[in-house]
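>>> Predicted model, plus sequence, below.
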Amino acid sequence: ALPAPRSKAPTARAPAAVPDGAVAAPARRLPPAADALRLREVLSRLSLARDDVSEAATLVNRVVSHLVQAIRAKDSCFSSIERQSAGSYYERVKISEPNEFDIMLVMPVARIQLDEADDTGAFYYVSFKRSPKEKGWLKFLEEDGKLSAFKMLQALREIIKQEVKNIKDVEVTVARKKAGCPAITLQIKNPPSEISVDIILTLEAQQSWPLSTQAGLKIEQWLGTRVRRDMRFRSLYLVAKQNKNEKVLRGNTWRLSFSHIEKDMIKNHGNSKTCCESDGPKCCRKGCLKLLKYLLEQLKMKYPKELEKFCSYHVKTAFLHSCVTWPNDSDWHLGDLDHCFQQCLGFFVDCLQKSQLTHFFIPQYNLLSLEDKAKHHFLSRKICHELNNGFPLFHENY
């Protein structure tokens, strides 16, 4: 359920503790001004120091540029590979230290056939409609002609493992492979800390999006019909990702990825063209997303076992749905941060209680598995406790 409207009654009392999952009486809430002040303090703590960001990004760019050149030269199949930055750092909604980066290595592929691997509409088997001109591709095909994500990742990992030894001015290692994780993770020594870079193998196809996406991306009222049409004409991305629902994990499935579209929506998020431009009105959409991510991150640190299945993509999806539910810039005034954040949280809690969070681009795909209902309710209770008690978790470490 959505949080109650903000109480206008001025009261300086701190909120009394409310049991998990219970709804606080309005009189116990902090006044809006105090709520907003607290949340703004948290946001300012989350803003990364520009020097730290640019230093880390410069180092990552240097290492990845070196690797991309080597990968192109080592295998003719990878000769057209391009790097594309993904994730929260590049959406400018990163929180905490600038020590984690996602880099997509994008490979253009011509005329591919997609066959659904399950009923989610997100996982596919990929095969070529015609025999590829570049015969090097044949080593990555299964006997039935399916393109093997596992074989491609293995080849890429080997090239990277050999090449990091040739990077002289900085120490780079390849982390051990994690079960079910498709990324190749680099560890870059950057005293006193370490930078982690996830390299994600991505296929890029210039063809229509699959049928499963047709009713998704419902942004007409928010960003406009024309923007939606233009986005759906963009390339189709598929990332190497094991489908955990498969009885035998063969490593030959690919999952649709819309990170390039999400990045654009978060960057150009306004209902009007001038929202958050240097001379335009400012909104609190990005602030809300940062706070959502931070709250989940802090709860995951406190309850790692119970919340293991949750990731920032869950709150990002809930945030995008919130942008559609409240499409106007006037719904997200900068001064209404506390109210807007509570609305977003209310939307997410509602999804958790119903165990139903629809993928933003693939409506038939529920990101909350029904077998994890107890975990959804656990997170819902913890969020309600935070919501009803002035977000104590935000202030525990300060």
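Cool, got the structure. Numbers count the residues shown, from 1 in each chain.

>>> make it CA atoms for all contacts and neighbour counts henceforth
Noted.

>>> Show me where the stretch 151-300 of the chain has its helices.
Secondary structure of the stretch 151-300 of the chain (DSSP state H, counting those that start in this stretch): helices at 225-232, 259-267, 285-302.

>>> Just name the most buried of those.
helix 285-302 (a mean of 19; mean count of other Cα atoms under 10 Å).

>>> just checking, what packs against the helix or strand following that one?
The C-terminal neighbour of helix 285-302 among helices and strands, as given by DSSP states H and E, is helix 312-325. With contacts taken as 3 or more Cα pairs under 8 Å, 6 or more residues apart in numbering; DSSP states H and E, helix 312-325 sits against helix 285-302, helix 337-354.

>>> List the buried residues in the longest strand anywhere in the chain.
Secondary structure of the chain per DSSP state E: the longest strand is strand 193-205. Residues of strand 193-205 classed as buried: Glu194, Ile195, Ser196, Val197, Asp198, Ile199, Ile200, Leu201, Thr202, Leu203, Glu204, Ala205 (neighbour count, 16 or more other Cα atoms under 10 Å).

>>> nearest to Lys74, of those residues?
Leu201 (16.0 Å; Cα to Cα).

>>> Run through the bridge partners of that closest one.
Taking DSSP bridges, one obtains Leu105 as the residues bridged to Leu201.

>>> any idea of the pLDDT on it?
At Leu201, the predicted lDDT confidence score is 94.

>>> Same question for Ser193.
On pLDDT, Ser193 comes in at 81.

>>> thought His314 was touching Ser369?
No. When contacts are counted by Cα atoms under 8 Å, His314 is not listed as touching Ser369 (11.9 Å).

>>> Please say which of these two ends up with more neighbours.
Taking neighbours as other Cα atoms under 10 Å, His314 and Ser369 compare with His314 leading, 19 against 14.

>>> Give me the residue at the spatial middle of this protein.
Closest to where the C-alpha atoms of the chain average out (Cα atoms, centre = their mean) is Tyr313, at 4.1 Å.

>>> What about Lys305, how many residues nearby?
10.

>>> Ok, Leu156 next?
The number of residues packed near Leu156 is 18, by other Cα under 10 Å.

>>> ok, it - contacts?
Ile71 (Cα atoms under 8 Å, 6 or more residues apart in numbering).

>>> From Arg176, how far out is the residue nearest to Thr173 when sequence neighbours are not counted?
Computed as Cα to Cα, 6 or more residues apart in numbering, the closest residue to Thr173 that is not its neighbour in sequence is Gln187, at 5.2 Å. Using Cα to Cα, to the nearest Å, Gln187 is found at 10 Å from Arg176.

>>> Which of the two has more residues huddled nearby?
Counted by other Cα under 10 Å, Gln187 and Arg176 do not tie: Gln187 has more neighbours, with 17 against 9.

>>> wouldn't that one be in contact with Glu194 here?
Yes. Here Gln187 reaches Glu194: they are 6.5 Å apart, a contact under Cα under 8 Å.

>>> between those two, what contacts are shared?
Counting by Cα under 8 Å, 6+ apart, nothing touches both Gln187 and Glu194.

>>> Could you identify the helix or strand that succeeds the lowest-mean-pLDDT helix or strand in the chain?
Least confident helix or strand, the chain: helix 32-46 with a mean of 75, by mean pLDDT, DSSP states H and E. Later in the chain than helix 32-46, the nearest helix or strand by DSSP H and E is helix 50-74.

>>> what's next to that following helix, contact-wise?
78-83, 98-99, 156, 159-160, 163-164, 167, 188, 195, 197.

>>> Same question for that helix: list its buried residues.
Ala56, Ala57, Val60, Val63, Val64, Leu67, Val68, Ala70, Ile71.

>>> Which one of those is nearest to Ser148?
Nearest member of these to Ser148, counting by Cα to Cα, is Ile71, at 18.4 Å.

>>> gap between that closest one and His377?
Applying Cα to Cα, one obtains 45 Å for the distance of Ile71 from His377.

>>> what does Lys129 give?
Taken as Cα to Cα, the span from Lys129 to His377 is 45 Å.

>>> who's more crowded, the two?
His377 (18 against 12).

>>> Identify all contacting residues around the longest strand of the chain.
Counting by Cα under 8 Å, 6+ apart, 56, 60, 98-112, 153, 182-189, 235-240 sit against strand 193-205.

>>> Look at Pro281 and report its pLDDT.
pLDDT, Pro281: 91.

>>> Out of the contacts of helix 50-74, which end up buried?
78-79, 81-83, 98-99, 156, 159-160, 163-164, 188, 195, 197.

>>> ok, these vs Cys288, which is closest?
If you rank these by distance to Cys288 using Cα to Cα, Pro98 comes first, at 19.4 Å.

>>> can you list the domains in this structure?
What automatic domain parsing lists as the domains of the chain is 26-30+269-394, 50-212+235-257.

>>> ok, of those, where does mean pLDDT dip lowest?
Of all the domains of the chain, domain 50-212+235-257 has the smallest average pLDDT, which comes to a mean of 86.
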